[in-house]
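>>> I'll drop the sequence and a predicted model, then ask my questions.
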Amino acid sequence: MTTGLPPAPHTALPEDTVAGSLVVVERAPLPAHLEGLATRARGYVEAASSANTRRAYAADWKHFSAWCRRQNLAPLPPDPQIVGLYITACASGTVTGSSKPNSVSTIERRLSSLSWNYAQRGDQKLDRKDRHIATVMAGIRNTHARPPVQKEAVMPEDIIAMLETLDRGTLRGLRDRAMLLLGFAGGLRRSEIVGLDVGRNQTEDSSGWIEIVDKGMLVTLRGKTGWREVEIGRGSSDATCPVVAVQTWLTFAKIPHGPIFRRVTGQGKAVGPDRLHDQEVAKLVKRTALAAGVRGDLPEGERAQKFSGHSLRAGLASSAEVDERYVQKQLGHASAEMTRKYQRRRDRFRINLTKAAGL
């Protein structure tokens, strides 16, 4: 990624080099008195997208560049015909000798990554509407597109059963209980759960913080569309109350400052300083759902694919018996239509337009 600014001194790289998650383009050096501003500007550019997004964009560019080398083609400048051939190879599983066909969603992401990477190189932009790309992509969608596969929603009774699989007498058990209850009650994404700090402005990599009040907990989050505040009320009992679970974890883990959810070390007897990776939330949901026998009617292999961090958000959306607009606000969705995609068991025929039309 480039900032439109020169790289720091002694870090200039060739034009198509991927440096970590950043594509660096060589520029003439700025005057010395502007180097501080340039460094800060690069930090702001990185903050414009998540680390996961930058890693995905870098990996997709590397994938495309490697394919171009094998075909004796040049990735630069952008050539819609070459990109059209590349996405065809992705769809047919011929990128390498042992590759599998990519899904339509993966190809869409790779195409977005290429557009983004080309745009970062200044005047080199990829026209996705060019017939070599648009026509091939339309054919790929028509041939290979499948209905979206949604993760299973974990309902309140499932969450209670999942909590019972955790040991309340260990630090790891207390932490995991707090993550499950907070993620479910707040309808939080896995990155939002692990990104929380105890208070405001405590770490640079934080995505929000909490404030515990008499009636519950206020969670302030920096999401995809800006800052939002999520209200998490106290539960009907301490055993299932997300506020009590978080307070208990913070007390026993002795965490007064910084990341709330951290690694438990020293054979489960100590808490490290580092923030958990968001993948740990997905692993926790899957592990406890399987241990609790959620969707035990399915074969074991199929069950393992049903659960992820999104199961918590879908569970809240599917089980909260309140006006839809409150659920939409809690999840931070811009539209009610997006919220309905999360409602796995809602009453789909509450409004019968057939009868309303007189039939």
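Thanks, I have it. Numbers count the residues shown, from 1 in each chain.

>>> which SSE is the residue nearest in space to the middle of the chain in?
What sits nearest the mean C-alpha location of the chain, by Cα atoms, centre = their mean, is Ser191, with 6.1 Å. In this assignment (DSSP states H and E), Ser191 forms part of helix 190-194.

>>> how far does the lengthiest helix in the chain sit from the chain's center?
Looking across the chain with DSSP state H, the single longest helix is helix 51-70. Helix 51-70 has its C-alpha centroid displaced from the chain centroid by 18 Å (Cα atoms, centre = their mean, to the nearest Å).

>>> which strands and helices sit next to it?
Using 3 or more Cβ pairs under 8 Å, 6 or more residues apart in numbering; DSSP states H and E as the contact test, the elements touching helix 51-70 are strand 18-19, strand 22-23, helix 80-92, helix 104-119. The C-beta positions use only the backbone N, C-alpha and C, and glycine is treated the same way.

>>> most packed of the ones you listed?
Highest mean neighbour count of the helices and strands packed on helix 51-70: strand 22-23, a mean of 21 (counted as mean count of other Cβ atoms under 10 Å).

>>> avg pLDDT for it?
Across strand 22-23, pLDDT averages out at 46.

>>> ok, stretch 133-151 next?
Here the average pLDDT along stretch 133-151 is 87.

>>> same deal with stretch 308-328?
Per-residue pLDDT over stretch 308-328 has a mean of 76.

>>> same question for stretch 156-166.
Across stretch 156-166, the average pLDDT comes to 95.

>>> now that stretch: buried residues?
Buried residues in stretch 156-166, counting neighbours by 16 or more other Cβ atoms under 10 Å, are found at Asp158, Ile159, Ala161, Met162, Leu163, Leu166.

>>> about what we covered before: need the helices and strands packed on helix 51-70 in a markdown table with distance to Leu316, can you?
Formatted as a markdown table, the helices and strands packed on helix 51-70 follow (distance: least, Cβ to Cβ, whole Å):
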| stretch | distance to Leu316 |
| --- | --- |
| strand 18-19 | 39 |
| strand 22-23 | 36 |
| helix 80-92 | 35 |
| helix 104-119 | 24 |
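
>>> which parts of the longest helix of the chain are buried?
Applying 16+ other Cβ under 10 Å to helix 51-70 flags Arg54, Ala56, Tyr57, Ala58, Asp60, Trp61, His63, Phe64, Ser65, Trp67, Cys68 as buried.

>>> any chance of those residues in CSV, with pLDDT too?
Output for these, formatted as CSV (pLDDT from 0 to 100):
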residue, pLDDT
Arg54, 84
Ala56, 88
Tyr57, 91
Ala58, 92
Asp60, 95
Trp61, 96
His63, 96
Phe64, 96
Ser65, 95
Trp67, 96
Cys68, 96
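
>>> just the residues you listed now: which is nearest Glu211?
Within those, the smallest distance to Glu211 is 30.3 Å, found for Arg54 (Cβ to Cβ).

>>> any regions of the protein where pLDDT drops low?
Scanning the chain with the threshold set as pLDDT under 70 gives 1-28, 46-48, 148-149, 224-225, 320-328, 332-355, 357, 359.

>>> according to the record, where do the domains of it fall?
49-144, 156-342 (automatic domain parsing).

>>> as a markdown table, the ones you listed with distance to Gly36 would be great.
Converted to a markdown table, the domains of the chain look like this (distance: least, Cβ to Cβ, whole Å):
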| stretch | distance to Gly36 |
| --- | --- |
| domain 49-144 | 22 |
| domain 156-342 | 18 |
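
>>> can you tell me the element Trp249 falls in?
Judged by DSSP H and E, Trp249 forms part of helix 242-253.

>>> distance from that helix to the middle of the chain?
So, by Cα atoms, centre = their mean, the centroid of helix 242-253 is 25 Å from its chain's centroid.

>>> tell me the buried residues in it?
Neighbour-count burial for helix 242-253 flags Pro242, Val243, Val244, Ala245, Val246, Gln247, Thr248, Trp249, Leu250, Ala253 (criterion: 16+ other Cβ under 10 Å).

>>> show me the contacts for the fourth one.
The neighbours of Ala245, taking Cβ atoms under 8 Å, 6 or more residues apart in numbering as the test, are Leu174, Arg177, Ala178, Leu181, Leu182.

>>> quick one on the thing from earlier: between the buried residues of helix 51-70, which is nearest Val271?
Lowest distance from Val271 to the buried residues of helix 51-70 (Cβ to Cβ) belongs to Arg54, with 28.8 Å.

>>> any idea how far Arg222 is from the closest one?
Distance, Arg54 to Arg222, using Cβ to Cβ, to the nearest Å: 16 Å.

>>> do Thr39 as well
22 Å.

>>> what does Trp67 give?
According to Cβ to Cβ, Trp67 and Arg222 sit 36 Å apart.

>>> now swap in Leu166 and tell me
Distance, Leu166 to Arg222, using Cβ to Cβ: 29 Å.

>>> next: Ser237.
The value you get for Ser237 to Arg222, if Cβ to Cβ is used, is 32 Å.

>>> more neighbours: which of those two?
Arg222 (15 against 8; other Cβ atoms under 10 Å).
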